[in-house]
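J.: 3D, please:
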Amino acid sequence: MRIGLIGLGRIGAFHADTLSSLDSVKELLVTDPVAAAAESVAARTGATVVGSAEELLAAGVDGVVVASSTPTHLPLTEAAVRAGIPVFCEKPAAQDPRDAAPLLSLAESTNVPVQVGFPRRFDPAFRAAKAEADSGVLGRLTTVRSTTMDPAPPPAAYIAASGGIFRDCAVHDLDAVRWLVGRPVVEVYAAGTAEGDGFIRDAGDVDTASALLTFEGGTIGLVSCTRRNGRGYDVRLEVHGEQDSVAAGLDEGLPMRSADPAVQFPAGPPHSFFMDRFADAFRAELQAFAEVVAGSPSPCTLREGLEASWIAEACALSLAEHRPVRLAELR
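T.: Residues are numbered from 1 along each chain as shown. Sure thing, here's the model as predicted:
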């Protein structure tokens, strides 16, 4: 199949390497406003450089991956859907989920598949935890905890355009816990502080945040994240049920050390960034998209991806107004 890739920044260039290595992808077409970025990727992967996103969508590709800047996700995904081309869109599908209503209607009425990029759904440990929860072996789920701790914050320009820590960073945790519990979130309460890097505070954002989620059915979710964790990139998921508990992310690369001198776990070295922590998940995610292009259903539909964005919106409002926010208020 012929796959198009729009956007060759950090994640786009990473996706180019993965796509070019998939057996099912016979030709990769790439485009980016920065010509040097496109030429660099083409030299490394053998991809064909195309002059613009419009030209790429008109080039007869079987599927397209949208990895460009966040403001372009919605119009590019809509253009691909209108052209009848299956789309993989990096999160978020839209900066504001309210703006995505016409696209959602279009995608569902035309049956053009859209897959939103949430790689934790493809991590082997996360998938195993989901299977345990779905099987009933854990019993009724009482508490689900998800953590994201970045080793260092992104650049100031990125922070300023990110939409805030809940929409940009914690949205991965919000999708993971909603996907695992399998029930809607009905209420959130969020808190955050900005006591570290001044440019984050100057952007009106926080560098450390947590959210308490109440799910339909009574399960409680706890999401926490920070922009600076000196020991490494720490992503964990805990699932607690009345009968048993499991966790994802408790591997030898866990960026945490035990204060008990008798405990040798983890052996390290600590995970340093999302690209090494989730390398297998990213590959599985794009392999799944290749299967979507071939006719399989999307493993993370546009509607599902937007649900995480709605929860992030509720968290951002709760943080701003220092109060619980019910999801029903936003719709």
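
J.: and Ala259, how many neighbours does it have?
T.: 6 (other CB atoms under 10 Å). (Each C-beta comes from the backbone N, C-alpha and C, glycine too.)

J.: three-state assignment of the most far-flung residue of the chain relative to its centre?
T.: Ranked by distance from the centre of the chain (CA atoms, centre = their mean), the top residue is Ala262, with 36.7 Å. Secondary structure for Ala262, judged by DSSP: H, G, I helix; E, B strand; the rest coil, is coil.

J.: next, it: phi, psi?
T.: Phi and psi for Ala262, reported as degrees, to the nearest 10, are phi -80, psi -10.

J.: okay, the residue nearest to Ala58 when sequence neighbours are not counted: pLDDT?
T.: Of all residues not flanking Ala58 in the chain, Ala83 sits nearest, at 7.8 Å (CB to CB, 6 or more residues apart in numbering). With respect to pLDDT, Ala83 scores 98.

J.: point out where the stretch 151-300 of the chain drops to low pLDDT.
T.: For the stretch 151-300 of the chain, not a single residue meets the criterion pLDDT under 70.

J.: just the helices from it, written as ranges.
T.: Ranges of helices in the stretch 151-300 of the chain, per DSSP state H, counting those that start in this stretch, are 156-161, 165-168, 171-181, 198-202, 274-277, 279-293.

J.: off-centre distance for the second one?
T.: Going back to what we said before, that points to helix 165-168. Chain-centre distance of helix 165-168: 11 Å, with CA atoms, centre = their mean, to the nearest Å.

J.: which residues touch it?
T.: Contacts with helix 165-168, where a contact means CB atoms under 8 Å, 6 or more residues apart in numbering, come from 92, 95, 162, 174, 190, 192, 205-207, 209, 211, 225, 227, 309, 312-313, 315-316, 319.

J.: ok, of these, which come out buried?
T.: 92, 95, 162, 174, 190, 192, 205-207, 209, 211, 225, 227, 309, 312-313, 315-316, 319 (16 or more other CB atoms under 10 Å).

J.: quick one: the residue nearest to Ala58 from Lys26, how far?
T.: Ala83 sits 20 Å away from Lys26, going by CB to CB, to the nearest Å.

J.: more neighbours: the two, which one.
T.: Between Ala83 and Lys26, Ala83 has the larger neighbour count (other CB under 10 Å), namely 13 against 10.

J.: contacting residues around Ser296?
T.: By CB under 8 Å, 6+ apart, the residues touching Ser296 are Ala288.

J.: share the number of residues neighbouring the closest residue to Ala194 other than its chain neighbours, please.
T.: The shortest distance from Ala194 to any non-neighbouring residue, by CB to CB, 6+ apart, is to Arg201 (4.0 Å). The burial count assigned to Arg201 is 15, neighbours taken as other CB under 10 Å.

J.: surely Gln243 touches Thr142?
T.: No: checked against CB atoms under 8 Å, the pair Gln243 and Thr142 is beyond contact range at 10.2 Å.

J.: looking at these two, which one has more neighbours?
T.: Between Gln243 and Thr142, Thr142 has the larger neighbour count (other CB under 10 Å), namely 14 against 10.

J.: now the more buried one, what's its secondary structure?
T.: When classified by three-state DSSP, Thr142 comes out as strand.

J.: how about the one 5 residues further on?
T.: Per three-state DSSP, the secondary structure class of Thr147 is strand.

J.: what residues are up against the nearest residue to Leu302 once chain neighbours are set aside?
T.: Closest residue to Leu302 apart from its sequence neighbours, by CB to CB, 6+ apart: Val114 at 4.1 Å. Contacts for Val114 (CB under 8 Å, 6+ apart) come out as Thr77, Val81, Pro86, Val87, Phe88, Cys89, Ala93, Ala107, Ser298, Thr301, Leu302, Gly305.

J.: in TSV: the residues you listed, plus distance to Asp168.
T.: Putting the contacts of Val114 into TSV (distance: CB to CB, whole Å) gives the following:
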residue	distance to Asp168
Thr77	18
Val81	24
Pro86	26
Val87	21
Phe88	19
Cys89	15
Ala93	14
Ala107	23
Ser298	23
Thr301	21
Leu302	19
Gly305	14
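
J.: reformat these as a markdown table; add distance to Asp32, neighbour count and secondary structure.
T.: What follows is those, written out as a markdown table (distance: CB to CB, whole Å; neighbours: other CB atoms under 10 Å; DSSP: H, G, I helix; E, B strand; the rest coil):
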| residue | distance to Asp32 | neighbour count | secondary structure |
| --- | --- | --- | --- |
| Thr77 | 17 | 28 | helix |
| Val81 | 21 | 25 | helix |
| Pro86 | 21 | 24 | coil |
| Val87 | 17 | 31 | strand |
| Phe88 | 16 | 29 | strand |
| Cys89 | 16 | 27 | strand |
| Ala93 | 20 | 28 | coil |
| Ala107 | 25 | 24 | helix |
| Ser298 | 25 | 21 | coil |
| Thr301 | 27 | 17 | coil |
| Leu302 | 24 | 25 | helix |
| Gly305 | 23 | 26 | helix |
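
J.: sweet, I'm off.
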